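Trainee: Structure, please.
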Amino acid sequence: MFGKKKPVYCDERLRHIAFIMDGNGRWAKGRGMPRSYGHKVGAKAFKEAVKYCSTIGLGHMTVYAFSTENWRRPREEVDAILALLDEYIEEALADLAQNDVRIVFLGEKTPFPDALREKMEHLEAESANNSLILNIAMNYGGRDELLHAANIAIAEGKTTLTEADIDAHLYTKLSPPPDLIVRTANERRLSNFLLWQSAYAELYFTDVLWPDFKPRHIDAAIRDFYARKRNFGGH
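Mentor: The predicted structure is shown next:
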């Protein structure tokens, strides 16, 4: 089609994109629907984003799906989110042969129902040899992650911690720090997401609500990233 931009391909400057998937509830409310419906449509947008990112040379992708604070939401909404996670795991297991995606769940799994936790662990194990690392933050909080990493290092006998000690025990230890963090729905904060890892990440905010977030919006964020000059505090 005339005027349509070509997809953007990621190179060594952009190895890891993290997404704060915000706006599901507002999207549903604007249509007179329950928040659970917004999460359902948002799940479709998430799957589309993963599929697209696996085709553009990206090595690592992280999504903020459910925070440690989200347990405070109404029980019906929490149950709907967990049901969508269960559905995604079943689909991901069925599609492992077609999709070269390694699933890693970030966060403490203990609070999840036993059956769901076992499925999460099974998917992690079954996908361990795939290429694109997809970190799904579930029951995740950046402060909690730092405490988790420090406590493990202390349990190993460390009395003084280095940055390397923290890095080695982060939930995201299989991935480099994000180069780009994208947040939808016109919110402009990190909300306890990847606090350690985001020290030099480029931040990109868009007013697009997550259920409406498409590959073309990913391309726009990537183009914006490549237009920036990163100096990592050097000058």
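
Trainee: In three-state terms, label the spatially most central residue of the chain for me.
Mentor: Residue closest to the mean C-alpha point of the chain, counted by C-alpha atoms, centre = their mean, is residue 63 at 1.2 Å. Following DSSP: H, G, I helix; E, B strand; the rest coil, residue 63 is assigned to strand.

Trainee: could you list every residue that touches it?
Mentor: Going by C-beta atoms under 8 Å, 6 or more residues apart in numbering, residue 63 touches 18-19, 21, 46, 49, 134-137. Quick note: C-beta positions are derived from backbone N, CA and C, even for glycine.

Trainee: so how far is residue 111 from residue 14?
Mentor: 34 Å (C-beta to C-beta, to the nearest Å).

Trainee: ok, the residue lying closest to residue 63 once chain neighbours are set aside - contacts?
Mentor: Using C-beta to C-beta, 6 or more residues apart in numbering and skipping residues adjacent in sequence, the residue nearest residue 63 is residue 19, 4.9 Å away. Under the criterion of C-beta under 8 Å, 6+ apart, the contact list for residue 19 reads 49, 61-64, 181-184.

Trainee: outside of the helix or strand encompassing residue 149, which residues touch it?
Mentor: Take DSSP states H and E as the rule and residue 149 turns out to sit in helix 142-155. The contact list for helix 142-155 (C-beta under 8 Å, 6+ apart) reads 68, 106-108, 161, 165-166, 168-172, 190, 192-196.

Trainee: What's the mean pLDDT across that helix?
Mentor: Mean pLDDT, helix 142-155: 97.

Trainee: Do a quick rundown of the strands in this protein.
Mentor: Taking DSSP state E, the strands of the chain run over residues 16-20, 60-67, 101-106, 132-140, 180-183, 202-205.

Trainee: Export the longest one to CSV, keeping only CA atoms.
Mentor: As requested, the backbone C-alpha atoms of strand 132-140 are provided in CSV (Å, rounded to 0.1, in the frame of the first residue of the first chain):
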residue,chain,number,x,y,z
LEU,A,132,13.5,-15.6,21.8
ILE,A,133,13.4,-15.1,25.6
LEU,A,134,9.9,-13.9,26.7
ASN,A,135,9.9,-12.8,30.3
ILE,A,136,6.3,-12.7,31.6
ALA,A,137,6.2,-10.7,34.9
MET,A,138,3.6,-12.4,37.1
ASN,A,139,3.3,-11.5,40.8
TYR,A,140,6.3,-9.2,40.0
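
Trainee: quick one: strands adjacent to it?
Mentor: strand 60-67 (parallel), strand 101-106 (parallel) (DSSP bridges).

Trainee: just the last one next, same as before
Mentor: Partners of strand 202-205 in the sheet, by DSSP bridges, are strand 180-183 (parallel).

Trainee: and the nearest residue in space to residue 113 that is not next to it in sequence, how far is that from residue 201?
Mentor: Distance criterion C-beta to C-beta, 6+ apart; nearest residue to residue 113, sequence neighbours excluded, is residue 82 at 7.4 Å. Distance, residue 82 to residue 201, by C-beta to C-beta: 29 Å.
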